[in-house]
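Participant: Kindly return the folded structure for what I paste below:
(chains A, B, C and D)
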There are 2 protein chains.
Amino acid sequence: MNTGPQEVFRALSDPTRRQILLFLAQEDLAISDIAERFDITRTAINKHLAILEEGGLINSEVSGRERRKSLAPKSLKSAFEWLGYFEQFWDIKLADLQREISRDMKEKKESGK
Amino acid sequence: MNTGPQEVFRALSDPTRRQILLFLAQEDLAISDIAERFDITRTAINKHLAILEEGGLINSEVSGRERRKSLAPKSLKSAFEWLGYFEQFWDIKLADLQREISRDMKEKKESGK
DNA sequence: TCCTTACAACACCTTTTGGTGTCATAATAT
DNA sequence: ATATTATGACACCAAAAGGTGTTGTAAGGA
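Facilitator: Numbers count the residues shown, from 1 in each chain, chains lettered A, B, ... in the order given. So this is what the prediction gives:
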């Protein structure tokens, strides 16, 4: 059930799919409800939904003739954590930058003597 | 210079590119150094690097006949923050779950009377 | 000087992606 | 009972993605 980062990142790579996620963050929606919000066909939306489901990013529940789609936010953690690994480097680079800046300032000072 | 989430997510959607980022997190590398680490041609690697650069995820510096590639981790923030938006829902869903659990327990209690 | 290395720039190919349209079917509303 | 709605299941298509190989060229090493 727990999908790896590949399926998640793949699902996230399309702007339509990311927008769908944002919609589902607001409320659960049936397929046609979602399709209405875009300028593409329901068939196309359906394919996007299938990819989102493969990535485990959304849940689908049958309700009468409807398929009610809901956000499965936990799955986003996989990607979030992958990216989180790089968080350490943001700080390092920032430290580097500050070191550079102080070096530059020092040099300027020296040459100014 | 600041690229939107589209270019970043697009760059992240390929496993080879994500692996390249992990390599560059360890050390700066020239194109051939990177190509050596994979089973695909340097030409293919070059295309991946171009996409990573489009997303602003790596920097390129000419050094003699080499192109030294380095990680530009700040750009990952764009994607990280996009995903961070959903962090609130992780908690909400957890709260939902706990509410359900206590409801279930209550029901069980009631029926047990 | 000559050979090798590191790369850019193409042309080309196959598969995947994102889209369309059509038809069938099951649930719902009139 | 019938019309409408929500969806699944195809077949199909153009463009993008991910790969190959070839050729040219500039920088470094022998």
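Participant: Do you have the helices of chain A handy? List them.
Facilitator: Applying DSSP state H to chain A gives helices spanning A:5-12, A:15-26, A:31-36, A:42-54, A:76-84, A:87-112.
Participant: Deepest in the core, which of those helices is it.
Facilitator: Counting by mean count of other CB atoms under 10 Å in any protein chain shown, helix A:5-12 has the highest mean neighbour count of these, with a mean of 22. Placement of C-beta: from N, CA and C, glycine included.
Participant: same for that helix, what does it pack against?
Facilitator: With contacts defined as 3 or more CB pairs under 8 Å, 6 or more residues apart in numbering or on different chains; DSSP states H and E, helix A:5-12 has these neighbours: helix A:42-54, helix A:76-84, helix B:5-12, helix B:15-26.
Participant: same thing but at 10 Å, please
Facilitator: helix A:15-26, helix A:42-54, helix A:76-84, helix B:5-12, helix B:15-26, helix B:76-84 (3 or more CB pairs under 10 Å, 6 or more residues apart in numbering or on different chains; DSSP states H and E).
Participant: Turn these into CSV, columns for mean pLDDT and distance to A:Phe9.
Facilitator: Below are the helices and strands packed on helix A:5-12 laid out as CSV (pLDDT from 0 to 100; distance: least, CB to CB, whole Å):
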stretch, mean pLDDT, distance to A:Phe9
helix A:15-26, 98, 11
helix A:42-54, 98, 11
helix A:76-84, 91, 6
helix B:5-12, 97, 5
helix B:15-26, 97, 7
helix B:76-84, 91, 9
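Participant: So for B:Val62, which of the ones you listed sits nearest?
Facilitator: B:Val62 sits nearest to helix B:15-26 of all the helices and strands packed on helix A:5-12, at 16.7 Å, using CB to CB.
Participant: Is the closest one in proximity to DNA strand D?
Facilitator: Yes - shown here: helix B:15-26 in contact with DNA strand D (CB under 7 Å from any atom of the strand) through B:Thr16.
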